[in-house]
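Student: model this:
(chains A and B)
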Amino acid sequence: MPAVEDAIVLKNVSKTFQEDVENPVYVLKDIDLTIKKGEFYILLGPSGCGKSTLLNIIAGFLSQTEGNLEIITSNKNNRNTRGFVFQSADSALFPWLTVEENISFGLKMKKVPLEERRKIAEYYIKLTGLTGHGNKFPDNLSGGMKQRVQLARVLANEPEILLMDEPFGALDAMTRRTMQKELIRIWRETNKTVIFVTHDIQEAILLGQRIGIMSIGPSSKITSSYEIDLPYPRDITSIEFNKYYRQVQAHFEDFEI
Amino acid sequence: MTVAKEVTVNKKVERKQKKRKLKSSFLLKTGVLGWLLILLVWTIVSYFSDPLFLPSPLATLKGAIEIASDGSLFIYMGYSFARVLVGWALGLIIAVPIGLLMGTSKWVRSIAEPIMNFVRFIPPLAFITLFMLWFGIGEQSKVFLIVYATFFVITINTFAGVLSISEDKIRSAKIMGATKFQTLIHVIIPATIPYIFTGAKLAMGSSFMAIIGAEMVAAKEGIGFMIWNARLYFKTEWIFVGLVVLGLMGYFMDRLFTFIGRKFLARYKVVS
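Tutor: Numbering: from 1, shown residues only, chains lettered A, B, ... in the order given. This next block holds a predicted model:
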């Protein structure tokens, strides 16, 4: 029995992409991971280490070849538990819908009445700083704004778990910093459980309470874990921050990844 | 002060440039220039030729007035246009669902794709005799021929459109609670609309090709019949009237369709 405060429990999760049953090539091998309710967890690792694959398994987009994935939720029908923010807003958003229509898409699918849909969309437009952009089409927004729309669209479904796949990877440094601050603000306001995938050490320490470092594939694993015991909002120029930064950086230097 | 002067001078230059731009853009945009050129060359060449071989633009116009005076030109146009419209619309209604099915179901794709890649190389004209045998010499066989001519272009475009949808869109709809049917209606179809639109536009061209062939072989009315019939009366100018009318019909149908697309499907970014 998992503890009450756990949100996601993975046991011995492995994934192979090759069909060859005799000699399978493992992308992921024996992943054990428990994430608590309301935790901000970071999956950190180089490109190609399988962190996105792991996130896709947790999202339910892919199924694991071996092992067990458990999503613990108070929600009975399991329909609303997870939300996913994709790396590319351009490929994830619906360009034929306005910002507001994008945000209320999930609610429309669940046949929430129009009036209520409007109200909820309005709330999340405000929360994500999109006020005044509701009637625009995504193509008329900047990269940062589009990611805000994606975040609002996911939050409008009120998921308990937020899965984010390098959502700020394509943004310029300044927009990125703003979005990181905004994400922390929204996370603290909404108390979601977050799994955030990144290959940026600074971003990992800036956002996460706990960082899991993945080894390079094949047969990727979570090799080590760091607790970041710093209060939010974090100051990237502080001595404590740099201590953590050096520590994590040293990890990558040692393993020559 | 010098700065202010420079600004005014710049403005004058700008205004002059704007005027020049307006004049040239009018000629370029309306495409009048090209038409005038063609008419000129046509007139000159026909001057040195036998009117039976190459009638001049003026003779063609006279011929047009001649056929139009008893209304037969408009009746022929109406027939050809109606056949194209009905066949094309029917083709669209049949082809789009099949294209969507091919795009969404691996089973349907694996069954239909090889057959389609074989049959689509058989031109509609090759089927005229068979279609007359199967559907009679009336309107049915001609409409079915156009359905055939439009079917593959629209199906293949629709199918390609579905395949081009990013996985992320389908996944995001799924995780936001959309059922498979909702995903089809609210994601797959809207994302495919530009492709369907392009396919429908291309199919218009093939419709005209098919109908003229059919009308030449087996019809007592229509532009194809008119062109074919002209040879009996040594009326070469009627052939030219037919060609011009075909071009005009296609042109205006295309413009109208594009206009409708821009007006009502703007949010789907249909290209024209």
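Student: so how far is B:Pro97 from B:Thr104?
Tutor: B:Thr104 is 11 Å from B:Pro97, where distance means C-beta to C-beta, to the nearest Å. For every residue, glycine as well, the C-beta is placed using N, CA and C.
Student: which one of the two has more residues nearby?
Tutor: A count of neighbours by other C-beta atoms under 10 Å in any protein chain shown puts B:Thr104 above the other of B:Thr104 and B:Pro97, at 18 against 11.
Student: and the pLDDT at the closest residue to the more buried one other than its chain neighbours?
Tutor: Closest residue to B:Thr104 apart from its sequence neighbours, by C-beta to C-beta, 6 or more residues apart in numbering or on different chains: B:Val162 at 6.1 Å. Model confidence at B:Val162, given as pLDDT, is 96.
Student: near chain A, which residues of the stretch 151-272 of chain B?
Tutor: B:166-169, B:171-179, B:182, B:186-187, B:190-191, B:193, B:267-269 (C-beta under 8 Å from any C-beta of the partner chain).
Student: hmm, back to that, host element of the residue nearest to B:Thr104?
Tutor: helix B:139-163 (DSSP states H and E).
Student: centre of the chain versus that helix, how much separation?
Tutor: 13 Å (C-alpha atoms, centre = their mean, to the nearest Å).
Student: which of the residues in whatever helix or strand comes next after that helix are buried?
Tutor: For helix B:139-163, the following helix or strand on the C-terminal side (DSSP H and E) is helix B:167-175. Across helix B:167-175, burial judged by 16 or more other C-beta atoms under 10 Å in any protein chain shown covers B:Asp168, B:Lys169, B:Ile170, B:Arg171, B:Ser172, B:Ala173, B:Lys174, B:Ile175.
Student: list the buried ones in stretch B:71-81?
Tutor: Within stretch B:71-81, the residues that qualify as buried are B:Leu73, B:Tyr76, B:Met77, B:Tyr79, B:Ser80, B:Phe81, counting by 16+ other C-beta under 10 Å.
Student: in helices, which of the residues you listed fall?
Tutor: B:Leu73, B:Tyr76, B:Met77, B:Tyr79, B:Ser80, B:Phe81 (DSSP state H).
Student: wait, is A:Leu10 part of a strand?
Tutor: Yes. The assignment for A:Leu10, made by DSSP: H, G, I helix; E, B strand; the rest coil, places it in a strand.
Student: just the pLDDT at it, thanks.
Tutor: 90.
Student: which non-adjacent residue is nearest it?
Tutor: Of all residues not flanking A:Leu10 in the chain, A:Leu33 sits nearest, at 4.4 Å (C-beta to C-beta, 6+ apart).
Student: likewise for B:Thr179?
Tutor: B:Thr179 sits nearest to A:Met109 (C-beta to C-beta, 6+ apart), 7.5 Å away.
Student: so what's that neighbour up against?
Tutor: Neighbouring residues of A:Met109 by C-beta atoms under 8 Å, 6 or more residues apart in numbering or on different chains: B:Ala173, B:Met176, B:Gly177, B:Ala178, B:Thr179, B:Gln182, B:His186.
Student: let's see that with 10 Å instead.
Tutor: Contact analysis of A:Met109 by C-beta atoms under 10 Å, 6 or more residues apart in numbering or on different chains lists A:Arg79, A:Asn157, B:Ala173, B:Lys174, B:Met176, B:Gly177, B:Ala178, B:Thr179, B:Gln182, B:Thr183, B:His186.
Student: repeat for B:Leu145
Tutor: Counted by C-beta under 10 Å, 6+ apart, B:Leu145 has contacts B:83, B:87, B:124-125, B:127-128, B:130-132, B:135, B:207, B:210-211, B:213-214.
Student: could you list which of those residues belong to helices?
Tutor: Filtering these for helices - DSSP H - leaves B:Arg83, B:Gly87, B:Ile128, B:Leu130, B:Phe131, B:Met132, B:Phe135, B:Ser207, B:Ala210, B:Ile211, B:Gly213, B:Ala214.
Student: can you tell me which of those residues is closest to chain A?
Tutor: B:Ser207 (27.8 Å; C-beta to the nearest C-beta).
Student: how close does the closest one get to B:Ser141?
Tutor: 15 Å.
Student: comparing the two, which residue is more hemmed in?
Tutor: A direct count of neighbours by other C-beta under 10 Å for B:Ser207 and B:Ser141 places B:Ser207 higher, at 27 against 22.
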